[in-house]
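Peer 1: please find the sequence and the predicted model below.
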Amino acid sequence: MNNDEHVQHLVEHSIGIGIQMTLFLPFVLMTFVYIVAVIYSNRTYRRWPLMRTICLLVGMICASLAVIGPLADRAHTDFSVHMFAHLLLGMAAPLFIVLSAPMTLLLRTVSVKTARKITALLKKEIIRFLCDPLFTSIMNIGGLWILYMTDLFGAMHENSGVFIAIHVHMFLAGYFFTYSMIHIDPNPHRANFLYRSIVLVLAIAGHGVLAKYLFANPPSGVAIAMAEEGAKLMYYGGDLIDIAIIFIICLQWYKQSRPRMIAHQ
């Protein structure tokens with residue numbers, strides 16, 4: 001490697017580190033704020049459930065592994081690793097973070113006046129639209145179709161701005177999709193269980209069909225064998241997380257209907 005190539009390699013490495021840190025630091029900040037909020041809340045109210053804090057930490061670890069370190073580096077050149085990072089960032093991390101109930105913790109931590117303002121904001125119609133399960137499903141699953149069915153996937157690896165934007169979208173779309181499906185945090189616009197179940201089935205189908213399509217039609221520049229491995233990981237790995245969401249929805253549905261069942265006996 002001559003001097004010019006060496007300098008170019010160092011520049012590309014520095015840019016890569018900068019991109020990773022840009023994506024990683026918000027998760028560090030969110031973890032810090034959450035832990036501080038737990039400490040503050042425990043001094044005023046009954047102790048915050050330890051399991052929720054563990055869920056937050058697991059979620060943040062999943063997200064961090066996807067955006068920084070060896071896994072994130074390999075995701076640039078290995079499609080199967082890229083897909084594993086996608087599962088961590090867009091599915092596993094959002095699920096665990098939703099289970100950590102960050103909004104509930106926030107409302108416990110801030111003043112009553114601020115909590116009322118936040119609650120009033122959550123009741124606005126725009127929030128109803130943005131958190132509707134159908135809309136979040138379109139943003140989440142539809143975003144994946146756009147990513148892999150267009151030139152966006154190739155552009156992601158050539159443009160740092162596109163790369164960051166896609167990863168931010170992947171996490172946020174996954175989070176709001178999960179938030180709209182399983183109601184752990186306060187949600188003034190809770191959709192009924194039947195509607196959520198139908199939309200979830202459609203979303204799972206859309207995710208599965210995309211995985212099968214990628215198995216048979218690799219994205220541009222991706223080797224067939226690598227695409228097949230990535231597609232299988234997307235299909236079966238996505239199913240595991242979807243099963244967890246289905247289980248939680250069914251459990252919540254059962255708990256809500258159980259008092260009615262008892263009352264009618």
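Peer 2: Received the coordinates, thanks.
Peer 1: okay, now residue 161: neighbour count?
Peer 2: 10 (other CB atoms under 10 Å). Placement of C-beta: from N, CA and C, glycine included.
Peer 1: so is the residue nearest to residue 208 when sequence neighbours are not counted in a helix, a strand, or just coil?
Peer 2: Excluding the flanking residues, the one nearest residue 208 by CB to CB, 6 or more residues apart in numbering is residue 235, at 6.0 Å. Put simply, residue 235 is helix when judged by DSSP: H, G, I helix; E, B strand; the rest coil.
Peer 1: neighbours of residue 235, how many?
Peer 2: Neighbours of residue 235 under the rule other CB under 10 Å: 18.
Peer 1: dump the residue contacts of it.
Peer 2: 208, 211-212, 215 (CB atoms under 8 Å, 6 or more residues apart in numbering).
Peer 1: out of these, list just those in strands.
Peer 2: Among the contacts of residue 235, no residue falls in strands (DSSP state E).
Peer 1: most neighbours among these, which one is it?
Peer 2: Going by other CB under 10 Å, residue 211 tops these with 22 neighbours.
Peer 1: which residue is the nearest non-sequential neighbour of that residue?
Peer 2: The nearest residue in space to residue 211 (CB to CB, 6+ apart) is residue 235, at 3.8 Å.
Peer 1: and that neighbour, how far is that from residue 212?
Peer 2: Distance, residue 235 to residue 212, using CB to CB, to the nearest Å: 7 Å.
Peer 1: with residue 38 instead?
Peer 2: Using CB to CB, residue 38 is found at 42 Å from residue 212.
Peer 1: same thing with residue 83?
Peer 2: Residue 83 is 13 Å from residue 212, by CB to CB.
Peer 1: between the two, which contacts overlap?
Peer 2: Common neighbours of residue 83 and residue 212, counting by CB under 8 Å, 6+ apart, are residue 231.
Peer 1: pLDDT of the helix or strand in which residue 38 is found, averaged?
Peer 2: Using DSSP states H and E, the element containing residue 38 is helix 3-44. Throughout helix 3-44, pLDDT has a mean value of 76.
Peer 1: all helices for the stretch 151-265 of the chain, in order.
Peer 2: 152-156, 160-181, 193-216, 224-264 (DSSP state H, counting those that start in this stretch).
Peer 1: buried set for the shortest one?
Peer 2: The neighbour-count criterion (16 or more other CB atoms under 10 Å) identifies 152-153, 156 as the buried residues of helix 152-156.
Peer 1: over to the third one?
Peer 2: For helix 193-216, the buried set under the neighbour-count rule, 16+ other CB under 10 Å, comprises 193, 196-197, 199-200, 203-204, 206-208, 210-211, 214-215.
Peer 1: between those, which is closest to residue 105?
Peer 2: The closest of those to residue 105 turns out to be residue 196 (CB to CB; 23.5 Å).
Peer 1: what sits against the residue nearest to the closest one when sequence neighbours are not counted?
Peer 2: Nearest residue to residue 196 in three dimensions, chain neighbours excluded: residue 133, at 5.2 Å (CB to CB, 6+ apart). By CB under 8 Å, 6+ apart, the residues touching residue 133 are 177, 180-181, 191, 195-196, 199-200.
Peer 1: hmm, back to that, tell me which of the helices of the stretch 151-265 of the chain sits nearest to residue 73.
Peer 2: Taking CB to CB, helix 160-181 is the member of the helices of the stretch 151-265 of the chain nearest to residue 73, at 12.9 Å.
Peer 1: what angle sits between that closest one and helix 224-264?
Peer 2: Going by axes from the mean of the first three to the mean of the last three CA atoms, to 10 degrees, helix 160-181 is angled at 20 degrees with respect to helix 224-264.
Peer 1: that'll do, ta.
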